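Enquirer: Predicted structure and sequence below. I'll ask about it afterward.
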Amino acid sequence: MDTSQTICQRLRRLFETQNLGVLATHRSGQPYASLVAFYATEDLRHLFFVTPKTTRKFENLQADARVALLINSSTNQAVDFHRAVSVTVVGKAAEVAGAERQPILERYLEKHPHLEDFVRSPSCALVRVSAQSYFMVQNFQNVMELHVNR
């Protein structure tokens, strides 16, 4: 199995077991981090989250679509330095609207059924992060990269 297949398998496993990630946006050069519940597509090209349109993160996304999303398996224990996996997804974010929105929301809700009232609120936006690169760190300093072909 080649390295890209190995990374893809590890990414899918991590994304299946983790519900939350830290989204990094920025505005005027100032970084801003937010916790988001995410869903990733099987082909690893897209990750999705839902946010109220009145939030700072959504305002930042409207100003600059470039984002990073950190997802990790740490448990805040010393063993994490050797066992935890962290992935930074770098990409561009955009709101999903129209006919495309509903089928994605249904898949999102399969992972996060407890968020149904929140995601169906008309004041919330479904946001797609189109992944450009993945940077996976294991064993504290073993870094692997995967660049997504468009």
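Expert: The structure has been received and is ready for your questions. Residues are numbered from 1 along each chain as shown.
Enquirer: The residue lying closest to A68 once chain neighbours are set aside: what's it in contact with?
Expert: Leaving aside its sequence neighbours, A68 sits nearest to A24 (Cβ to Cβ, 6 or more residues apart in numbering; 4.3 Å). Bear in mind the C-beta positions are built from the backbone N, C-alpha and C, glycine included. Applying Cβ atoms under 8 Å, 6 or more residues apart in numbering to A24 gives the contacts P31, Y32, A33, V67, A68, L69, L70.
Enquirer: Looking at those, which is nearest A125?
Expert: Closest to A125 out of those is V67 (13.7 Å), distances taken as Cβ to Cβ.
Enquirer: Just the element for that closest one, please.
Expert: V67 is located in strand 66-72, with elements delineated by DSSP states H and E.
Enquirer: Which secondary structure elements does that strand sit against?
Expert: In terms of contacts (3 or more Cβ pairs under 8 Å, 6 or more residues apart in numbering; DSSP states H and E), strand 66-72 is packed against helix 3-17, strand 20-27, strand 30-40, strand 85-96.
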